[in-house]
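> Would you be able to build a 3D model of this:
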Amino acid sequence: MKNKVTKAIFPVAGLGTRFLPATKSVPKEIMTLVDRPLVQYAIDEARAAGITEFIFVTSRGKGALEDYFDRAPQLEAELEAKGKDQLLEVLKSTTMESGAIAYIRQHKALGLGHAVWCARRLIGDEPFAVILPDDVIAAETPCLQQMIEAYEEVGGNMVAAMEVPKERASSYGILDVREDMGSMVSVKDMVEKPKAGEAPSNLAVIGRYILTPKILENLEHKRSGAGGEIQLTDAIAEEIDGEGVYGFRFRGQRFDCGSKAGFLQATVSFGLARDDLKDDLSRYLHEVISSEKAAQ
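Below is the predicted model:
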C-alpha cells in the first residue's frame with residue numbers, strides 16, 4: 001500500500017531578478033496575479049490535492065512571505081466592524097494554521113535540487129510533492145490533484161510534463177520516453193537543458209513533482225549538473241531503473257510566471273475568467289487590438 005502524499009515543498013528562495021526593481025523589496029512569490037499572490041495559487045492547488053503540511057524553502061529577505069500567511073488581527077477587526085463579511089472570509093482563507101507551515105532557509109543558491117534537499121528532515125521517509133509557484137496552472141481539476149490520482153495507481157516518482165516547441169527544449173528538463181501510455185509516459189532518461197538539437201523529445205518537465213524519499217538520498221551526494229547547480233532532475237533520473245519515473249501530461253494551461261511575458265499572459269487569462277472583470281477587460285482588449293489594426 002502506497003503512503004498518502006500529505007507534505008509539499010515550495011522552493012521560494014530565488015531572488016526574482018527578472019522582476020527587478022519590484023523584487024528589491026517584494027518577494028516575487030507574493031506579487032499579485034489579478035488579486036492573489038502567486039504563492040496563494042500554489043497553496044490552493046496543494047490543499048485541493050490533500051496536502052496538509054506545507055514546507056517553504058526560503059532565503060534572506062522573504063519576511064513578507066511569512067507575514068502573508070499569518071493572522072492580521074487589526075485588519076480582521078476593521079473588516080468585521082464595517083460588516084465586510086465577504087472580504088473577511090477571503091482574508092481568513094489566507095491564514096495558515098499554527099504548525100501547518102514550516103520555513104527552512106537555503107543559505108546558498110545551489111539549485112533546485114539543493115533547495116529540496118534542505119527540507120529533508122521535515123520529509124523523513126514519506127513521499128512528498130514539490131510545487132514551483134512560478135508555474136501557475138489553470139485547470140478544471142487542479143494539476144497536483146490529477147497527479148496524485150495517477151500516482152495512486154503507479155507509485156514511483158512522477159513529474160508533470162507538457163509538449164514544448166523543439167526550439168525551446170534547451171530551457172527545460174526533457175524526458176526520453178520509454179513507453180507512451182497517453183496521459184502518462186514511462187521514462188528511460190531525463191536530460192536537463194539539453195543543447196540545441198540534442199533533446200530526446202519535446203516533452204518537458206513542469207514545476208510539479210511527486211517524489212519518493214529516495215530522491216533525498218540521491219541529493220545527499222550534492223553532484224553538480226547543468227549550469228553548475230544541483231539539479232533535481234538528475235536525482236530523479238537516478239531512480240529510473242529503481243523505483244521508476246513517470247511523466248504525467250496534465251490537463252490544463254500552464255503559465256510561466258517567472259517571466260514577465262508569462263506573468264502578463266496569466267493576468268489577462270485569469271482576468272478574463274473572472275465574472276466581475278471579464279466584460280471590462282474584454283472590451284478594453286478589443287479596443288486595443290482594433291486600434292492597432294487601424295494604425296497598420
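> mind listing the strands for the stretch 101-250 of the chain?
For the stretch 101-250 of the chain, applying DSSP state E, counting those that start in this stretch gives strands covering 101-105, 128-131, 135-138, 157-163, 173-180, 184-192, 203-211, 245-249.
> looking at the ones you listed, which is closest to P11?
Closest of the strands of the stretch 101-250 of the chain to P11 is strand 128-131, at 7.1 Å (criterion: Cβ to Cβ). Any C-beta I mention is one placed from the backbone N, CA and C, and that applies to glycine too.
> other SSEs contacting that closest one?
Other helices and strands packing on strand 128-131, by 3 or more Cβ pairs under 8 Å, 6 or more residues apart in numbering; DSSP states H and E, are strand 7-11, helix 38-48, helix 143-154, strand 203-211.
> State the mean pLDDT of the longest helix belonging to the chain.
Identified as the longest helix of the chain according to DSSP state H is helix 278-295. For helix 278-295, mean pLDDT rounds to 85.
> quick revisit: present the helices and strands packed on strand 128-131 as JSON lines; the columns should include mean pLDDT.
Shown next, in JSON lines, are these (pLDDT from 0 to 100):
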{"stretch": "strand 7-11", "mean pLDDT": "95"}
{"stretch": "helix 38-48", "mean pLDDT": "93"}
{"stretch": "helix 143-154", "mean pLDDT": "93"}
{"stretch": "strand 203-211", "mean pLDDT": "94"}
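> wait, which of those is closest to C118?
With Cβ to Cβ as the criterion, C118 lies closest to strand 7-11 of these, at 8.6 Å.
> helix or strand right after the closest one?
strand 32-33 (DSSP states H and E).
> just checking, what packs against the helix or strand bottoming out on mean pLDDT in the chain?
Lowest on mean pLDDT, DSSP states H and E among the helices and strands of the chain sits helix 63-68, with a mean of 80. Other helices and strands packing on helix 63-68, by 3+ Cβ pairs under 8 Å, 6+ apart, are strand 53-58.
> Tabulate the strands of the stretch 101-250 of the chain (JSON lines), appending mean neighbour count and distance to L33.
Shown next, in JSON lines, are those (neighbours: other Cβ atoms under 10 Å; distance: least, Cβ to Cβ, whole Å):
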{"stretch": "strand 101-105", "mean neighbour count": "15", "distance to L33": "21"}
{"stretch": "strand 128-131", "mean neighbour count": "26", "distance to L33": "15"}
{"stretch": "strand 135-138", "mean neighbour count": "21", "distance to L33": "7"}
{"stretch": "strand 157-163", "mean neighbour count": "23", "distance to L33": "19"}
{"stretch": "strand 173-180", "mean neighbour count": "19", "distance to L33": "24"}
{"stretch": "strand 184-192", "mean neighbour count": "20", "distance to L33": "27"}
{"stretch": "strand 203-211", "mean neighbour count": "24", "distance to L33": "15"}
{"stretch": "strand 245-249", "mean neighbour count": "23", "distance to L33": "24"}
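> With distance to E89 as extra columns, can I get those in JSON lines?
Below are the strands of the stretch 101-250 of the chain laid out as JSON lines (distance: least, Cβ to Cβ, whole Å):
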{"stretch": "strand 101-105", "distance to E89": "20"}
{"stretch": "strand 128-131", "distance to E89": "24"}
{"stretch": "strand 135-138", "distance to E89": "23"}
{"stretch": "strand 157-163", "distance to E89": "31"}
{"stretch": "strand 173-180", "distance to E89": "39"}
{"stretch": "strand 184-192", "distance to E89": "38"}
{"stretch": "strand 203-211", "distance to E89": "28"}
{"stretch": "strand 245-249", "distance to E89": "33"}
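> Give me the nearest residue to I101, chain neighbours excluded.
In space, and not counting its chain neighbours, I101 is closest to F54: 4.6 Å by Cβ to Cβ, 6 or more residues apart in numbering.
> Can you report how many residues lie near that neighbour?
21 (other Cβ atoms under 10 Å).
> quick one: pLDDT of it?
F54 is assigned 93 on the pLDDT scale.
> Give the bridge partners for it, please.
Beta bridges link F54 to A8, I101 when assigned by DSSP bridges.
> Was I right to think it contacts M96?
Yes. With contact defined as Cβ atoms under 8 Å, F54 counts as touching M96 (6.8 Å).
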